[in-house]
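# turn this into a structure:
(chains A and B)
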Amino acid sequence: MRFKTSVRNIQTFSKLTASLSSLGKVAWVRLDDDAVRFTIIPETGTQVWASLSIESIFEDYTIQSAAPNNTINLELPLPPLSRALKSAINATSASIRLTKKDGVPVLSLTIITNTISSGNSANGFLNGTNADPFGDNAFREEALDANMRDRETVVTQDIPIRVLTAVSVEGIHEPRVREPNAHIILPSLIQLKAISDRFTKLAMATTTGAKSGGSSLAPKLELAANMHGSLKLSIATDSLNISSVWTGLTNPDLDPRQIEDGDIEDHPSAKLKAAGPDAWSTVRIDGKDWGRVLSVGRLGGRVIACFADEHALILYVYLSNYDDGADDSVLTYYISSFSV
Amino acid sequence: MAVLTFSINPEALGKLHDALVCLGKFSEAVCLEASSDRLVLTALNSSKSAYASFTLLGNKFFSKYHYKPPRSSNQAKEKFTCKIYNKALLSVFKGRVVDPIREKDTAIERCDVSVEDGEGKTRSRFIIKIICRHGVLKTYRLTFESVAPMHALFVKESANNSWSISSKTLREFVEHFGPGTEQLDIYSEDGRVSFTSYTEKIMSGNEILKQPLHTTIAVDTLEFGEFVVEEKLHIVISVKDFKSIIAHAGIMNTMVQALYSRPTSPMQLSYSEDGILSEFILMTIGESRGASAPPVPNTSRANSKRPALRQPLEATSSSKRATISMPPPPTTAGPSQGREPTRARVSRPSPPPPQPSLQSEALFVTEAEDDRRWDPTNFDEEEDEMLLWDTPGNKEPVTMNSGHLQASGNRNGSTNGHSGQQVEDGDQSYTIPTQRLAPTQRVSEVCEESVLWPSTH
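Numbers count the residues shown, from 1 in each chain, chains lettered A, B, ... in the order given. This is a model prediction of the structure:
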């Protein structure tokens, strides 16, 4: 079993890790010849199934195992990975390999940072007085002596992992959800997150004021979409009732090839569309969990929300902003709707 | 009668605060030792494995410094020593670091301290007067315990290994270390130096994923200002203590010097800037994990430790022979804690990350391109939120104007919680009781002890 790769896009990998770790601390990672998949299945709350093309985060990717398609399944704790990737933010290069240290399997992240230094880089004394007159290091000076080249700092971060057998993961399947009633491209996620968090907070403030303590009942946000470009976010408690409506959003067209029955006219979303702008498809979601889901906004992808009325909300986060479909990296969030 | 009087300008006050914060990471009590030309603040941790001291030079650090030796019966004492609960000092100086923008009106102009040690009816008090703009004067009277501090000894002559490096570089190193590790191994070979943060705990099963991040930083010796160290020598110290030190050193732009001899002998880290000499003595752990370390024998027992590594430290701290190492102190030390609780604390994750930047007064967030704004909001924490007029957990002794809660926010740790507190009558005085310390004693009642550690009998 071998796995070794360079990290091509540290920022993206780091943001992806941060987004995933807000929903769960441990990910099931499946690596094979074609893709990298991260799956988070928390005990309660939203599941994430992220499938990335290899070249979206890695390059010089080598994988080898006895399983078909050279598949390797790992259980990977996300907080240490997130921490380890922080070391790589300003790195010259970073690579990952699967190895064993002291008999324990680890993902070893090797981060190389070259510092360009003229003179003694132990520059505690001289920093103040020896400032570059141009205010920056625009001109990189190189020493004549070839031995006085860049100094190299190598940081190695070993993340503990478990290598999973194929049998132990074969029973885990992506959830099946019925055909959605509405699908809509979400507005700016930072806006949506700010308002959602504000609503959740208002609900918590007003309910804990009225009742004593019962914080186990987390506030439920009601999210609804129609097929005429509107999204509605609302919350209701004993003492308040507020909602926010976005209009002029896009309801993307369905790809007929992806519809199971093949008849686009019979699709639930077509019926909702025909019912007019006052017909909504609604889900009730946990406010805190939703706030964690929306942390995926840091990746800057396009997000399509699919509403299965009173049943579930599915978010598809497309990492690339190109329409040509060349990059098929997508994060899928499965959010169950609570009943009234 | 004041034994000691000194004045500090706002800038030095900020530095004093930084030093107290650092001392607070080692012990809850801080020992003060005043002599004619300097004031020394020290702290020793409960397991006696780490010692921190800051020497404030009378003529450089203070704007005024006067030590008047108390006359006990016949002869004048050369030194005045006492112990104060650190949190009491920190709450006086809390957030009083210079912040000229926010605190235009309440800016501190000067801080006067006088220490009175009672003869006859005079009470023994540590009196801090903070003089702010517009004639606002705040007076704090703290109690203290008169005890002689314990100093760790370090014999420079026997320290044959030394290196020095920029404090900024060390801070960058420390930033790579994740939470939860216990040891830091320093090793050099062939012009490369490696700093390894690791833990000896061995987990099994699902627990293995909770194993902290194992981090190695390998750098060229050229990064160092000076590097004279025995090749292939492993020296191991507590990573938590090292982080505490670098958190302080990293604020400054200075060179940190390390001196040490061999495993199980202490290591000294020191640096100085602007009239403050900072010096730390850390116990090193013996015989480290080298290439010769045996492979992990059996991972079935969770939390088992490799005894070979632990033992030397234990042996040293209970050793009766060594004078250069740290022998057990007499019983005068603060609440005594065994090693194990301390260890347990080490493996606790570090404090939670800063608040997401979403809690602004505006409905929408600011333009700042800060990745943290994507972090989930922590709804369980009470925040200075526009919804709440007052935060329940934040009980200020005097809060004339709760509006400052909004204005100041809690976005950075150094924010002044008292910034809105303007007392009109000009003289506000209250005593912050120091906890867990015995009532004040007169210096004359305390028999003079050696300031060096007595050897055990």
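
# and for B:Ser238, the neighbour number?
Here the number of neighbours of B:Ser238 (other CB atoms under 10 Å in any protein chain shown) works out to 24. Heads up, the C-betas are built off the backbone N, CA and C, glycines and all.

# wait, is B:Glu175 part of a strand?
No. The assignment for B:Glu175 by DSSP: H, G, I helix; E, B strand; the rest coil gives helix, which leaves it out of any strand.

# and it, what does it touch?
Going by CB atoms under 8 Å, 6 or more residues apart in numbering or on different chains, B:Glu175 touches A:Lys86, A:Ser87.

# point out where chain B drops to low pLDDT.
B:1, B:71-77, B:94-106, B:118-122, B:287-369, B:380-457 (pLDDT under 70).

# top helix in it by residue count?
As assigned by DSSP state H, the longest helix anywhere in chain B is helix B:10-24.

# ok, then the element right after it?
Using DSSP states H and E, the helix or strand that follows helix B:10-24 in sequence is strand B:29-34.

# paired strands for that next one, with orientation please.
The pairing partners recorded for strand B:29-34 under DSSP bridges are strand B:38-44 (antiparallel), strand B:80-85 (antiparallel).

# so which of the ones you listed is nearest A:Ile195?
With CB to CB as the measure, strand B:80-85 is the member of these nearest A:Ile195 (45.8 Å).

# that closest one vs helix B:10-24, what angle?
70 degrees (axes from the mean of the first three to the mean of the last three CA atoms, to 10 degrees).

# which other helices and strands contact the helix or strand following strand B:80-85?
Heading C-terminal from strand B:80-85, the first helix or strand you meet, by DSSP H and E, is helix B:86-93. Judged by 3 or more CB pairs under 8 Å, 6 or more residues apart in numbering or on different chains; DSSP states H and E, the packing partners of helix B:86-93 are helix B:10-24, strand B:29-34, strand B:137-142, strand B:427-432.

# in the third one, which residues are buried?
Neighbour-count burial for strand B:137-142, with 16 or more other CB atoms under 10 Å in any protein chain shown as criterion, is recorded at B:Lys138, B:Tyr140, B:Arg141, B:Leu142.

# likewise for the first one?
By neighbour count with 16+ other CB under 10 Å, helix B:10-24 contains the buried residues B:10, B:12-24.

# give me the contact list for that helix.
Outside helix B:10-24, the residues within contact range by CB under 8 Å, 6+ apart are B:8, B:30, B:41-43, B:52, B:54, B:56, B:61-63, B:86-87, B:89-90, B:93-94, B:96-98, B:107-111, B:244-245, B:247-248, B:251, B:274-276, B:278.

# what is the burial count for the nearest residue to A:Val245 once chain neighbours are set aside?
Closest residue to A:Val245 apart from its sequence neighbours, by CB to CB, 6 or more residues apart in numbering or on different chains: A:Lys232 at 4.9 Å. Neighbour count of A:Lys232, defined by other CB under 10 Å: 16.

# same check on A:Asn9?
The burial count for A:Asn9: 14, using other CB under 10 Å.

# please apply the same query to the one 10 residues further on.
Applying other CB under 10 Å, we find 28 residues neighbouring A:Ser19.

# please name the residues that touch it.
Here A:Ser19 is in contact with A:Ser295, A:Val296, A:Arg298, A:Leu299, A:Leu331, B:Trp374 (CB under 8 Å, 6+ apart).
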